[in-house]
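Asker: Give the three-dimensional model of this entry:
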Amino acid sequence: MQIDGMPGKYPLEHHGLYNLGRVYWNLKPSALIEKVVQKQEAVLSSSGAIVVRTGKFTGRSPDDKFIVKNHVTDNIWWGKVNQPFQPEKFNLVLHKIRAYLQGREVYIQDLQAGAHPDYGFPIRIITEKAWAALFAHNLFIRLPQDKLIQHIPELTIYHCPDFQVHPSFDSTRSNILIALDFEKKTLIIAGTSYAGEIKKAVFTALNYFYPPLGILPMHCSANQGSDGDVALFFGLSGTGKTTLSSDPERYLIGDDEHAWYNDGIFNLEGGCYAKTIHLREELEPLIWSATHRFGAVLENVTCDPISRELDFDDDHLTENTRGAYPITFIPNHVPGGIGNHPRHIFFLTADAFGILPPIARLTHEQAMYYFLSGYTSKLAGTETGLGAEPQATFSACFGAPFLPLSPTVYANLLGQKTRDHSVKVWLVNTGWTGGAYGVGQRISLRYTRAMIKAALNGSLDHEEYRKEPYFGLEIPLHCQGVPADILDPRQTWSNPEEYHTQAQLLLSRFEKNFIQYADMVDEKVWKAGPHPDNLNKTPT
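Answerer: Alright, predicted model coming up:
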């Protein structure tokens, strides 16, 4: 077995790996890109980014994700999100993967999740794809050479997209398997090339290991102002976390995953994973620049075979086109990835009903209610099986697919920390106005940015507010740079009766979803939600 690169002292034999072909260990991006092109795994665009096709799977496969059920998983939130997998079946697949890798070229990256020096989580990815090694190098925290040598992984990832499991023999739902064994601290990803599975499986692991330490893992982006004021942006894919946190006037801490500890927050990653469909330089200059650099990895973006120019508007493969790049590609990032306690939190939702206001101020109890509800609309392409239209959904803590523990564990931590640090919480609708999806239009990014800016600079604190009748949300009457009628969604609908009908429908969905938490939360939190008494009343 020949090894190139910078191997660590923790040997492959500890992973049960023997008789491998050539091993490329901790190669730098330029060397990895050479291998990518040489092996024809991707093409090199005119901007220097590599462009890869992920094949049949261009989004996550949540039905194929499992957690091994053993003596350390008594606290797992079992159900549709966390499906149990038998230890003997996991061990059998792991044995087959180790055999599969024999004689093959293998790429290894030793990295870290968690930017805080005291809470860093060492990870090792073992993959058959050079481009996947580059993706991991971009997305996670890169280590200096002295730490690479001493690196001992707390989570080992076997990434074999060309290896397929067999449902009838391996007890899986398909030829894909994403399985986490918390006892072995081992992750298997097989049968899918979509790189988001790597990123989100690591996040799932951190959502298991951090809460017992009093650390809240969060599916949110984060930035800070010149005076160190931190803002968090919660939301599912496509709701605007990356776009709104990549603000030229503020400093980016991270675009997707963070943790809140006793002294502030820290980034869980070392890179960004931005949606790129319809990317425009004039609207998102930082993301545009980052995705046009040597070393960036673009998934399923159309690249002209002759000119090698990129076409971010072409969605014939998927709406879920992506760009992965190190956070250092963002000029105004926060070195070290650590920030103060947040002053503001924004819950981002893409409301396909067109009912929720573009911004609303939340009470502490409302913040708990909407965090547990996690309402948004899943957007096309982010998961296998989604069609062209958004689907209204409730995803606890704005990240239910990545929560191995009960949502109340994370909600209680959030409630405690927001109260202890007097954090202002806002609900922001980045979805539709003037009607539901298909009738109304998406709220202008320019208006959303103006409202975020007004909240951050304190000008919304001095505005007059009115209470929205269905959900009890406090809506500002004015906001600089935003037409007054945009602030009140009722004013944007041409037919008040249609608005009333849609509001009733959305309200009832909130009520139905929150029943599952009725016995787990304080009565004040339950009552902070929508007003069922208004179901049959037309507001004046």
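
Asker: would you list every one of the strands in the stretch 51-200 of the chain?
Answerer: 65-68, 83-85, 106-113, 121-127, 155-160, 177-181, 186-190 (DSSP state E, counting those that start in this stretch).

Asker: I'd like to know which elements the fifth one is packed against.
Answerer: Counting contacts by 3 or more Cβ pairs under 8 Å, 6 or more residues apart in numbering; DSSP states H and E, strand 155-160 packs against helix 87-101, strand 121-127, strand 186-190, helix 196-209. Heads up, the C-betas are built off the backbone N, CA and C, glycines and all.

Asker: Format these as a markdown table; extra columns: distance to residue 303.
Answerer: A markdown table is the format used below for those (distance: least, Cβ to Cβ, whole Å):
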| stretch | distance to residue 303 |
| --- | --- |
| helix 87-101 | 30 |
| strand 121-127 | 23 |
| strand 186-190 | 25 |
| helix 196-209 | 20 |
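
Asker: I'd like to know which of these lies nearest to residue 312.
Answerer: Proximity to residue 312, assessed across the helices and strands packed on strand 155-160 by Cβ to Cβ, is greatest for helix 196-209 (17.9 Å).

Asker: one step back: a markdown table please, covering the strands of the stretch 51-200 of the chain and showing mean pLDDT.
Answerer: Formatted as a markdown table, those follow (pLDDT from 0 to 100):
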| stretch | mean pLDDT |
| --- | --- |
| strand 65-68 | 98 |
| strand 83-85 | 98 |
| strand 106-113 | 98 |
| strand 121-127 | 98 |
| strand 155-160 | 98 |
| strand 177-181 | 98 |
| strand 186-190 | 98 |
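
Asker: Mind putting the ones you listed into TSV with mean neighbour count and distance to residue 225?
Answerer: Converted to TSV, the strands of the stretch 51-200 of the chain look like this (neighbours: other Cβ atoms under 10 Å; distance: least, Cβ to Cβ, whole Å):
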stretch	mean neighbour count	distance to residue 225
strand 65-68	23	37
strand 83-85	18	42
strand 106-113	25	26
strand 121-127	24	28
strand 155-160	23	34
strand 177-181	25	37
strand 186-190	24	37
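
Asker: What's the end-to-end length of stretch 187-199?
Answerer: Counting by Cα to Cα, to the nearest Å, you get 12 Å between the two ends of stretch 187-199.

Asker: can you check stretch 167-179 too?
Answerer: Note: stretch 167-179 ends 14 Å apart using Cα to Cα.

Asker: List the buried residues for that stretch?
Answerer: Neighbour-count burial for stretch 167-179 flags 170, 171, 172, 175, 176, 177, 178, 179 (criterion: 16 or more other Cβ atoms under 10 Å).

Asker: Tally up the residues packed near the residue nearest to residue 430 when sequence neighbours are not counted, please.
Answerer: Computed as Cβ to Cβ, 6 or more residues apart in numbering, the closest residue to residue 430 that is not its neighbour in sequence is residue 240, at 4.5 Å. Counted with other Cβ atoms under 10 Å, residues neighbouring residue 240 total 23.

Asker: ok, now which ones touch residue 240?
Answerer: Under the criterion of Cβ atoms under 8 Å, 6 or more residues apart in numbering, the contact list for residue 240 reads 233, 348, 350, 428, 430, 445, 448.

Asker: Can you give me the distance of it to residue 138?
Answerer: Separation of residue 240 from residue 138 (Cβ to Cβ, to the nearest Å) stands at 21 Å.

Asker: One more: residue 482?
Answerer: The spacing between residue 482 and residue 138, counted by Cβ to Cβ, is 36 Å.

Asker: Out of those two, name the residue with the larger neighbour count.
Answerer: residue 138 (26 against 21).

Asker: and that one, what does it touch?
Answerer: 29, 270, 271, 295, 296, 297, 324, 325, 326 are the contacts of residue 138 under Cβ under 8 Å, 6+ apart.

Asker: partners of the nearest residue to it once chain neighbours are set aside in the sheet?
Answerer: Leaving aside its chain neighbours, residue 138 sits nearest to residue 271 (4.3 Å; criterion: Cβ to Cβ, 6+ apart). In this structure, residue 271 has beta-bridge partners residue 326, where bridges are defined by DSSP bridges.

Asker: residues in contact with residue 271?
Answerer: Contact analysis of residue 271 by Cβ under 8 Å, 6+ apart lists 138, 139, 140, 324, 325, 326, 327.

Asker: now the third one: how far from residue 259?
Answerer: It stands for residue 140. 14 Å.

Asker: Ok, the second one next?
Answerer: For residue 139, the distance to residue 259 under the criterion Cβ to Cβ works out to 16 Å.

Asker: gap between residue 438 and residue 345?
Answerer: Taken as Cβ to Cβ, the spacing of residue 438 relative to residue 345 amounts to 31 Å.
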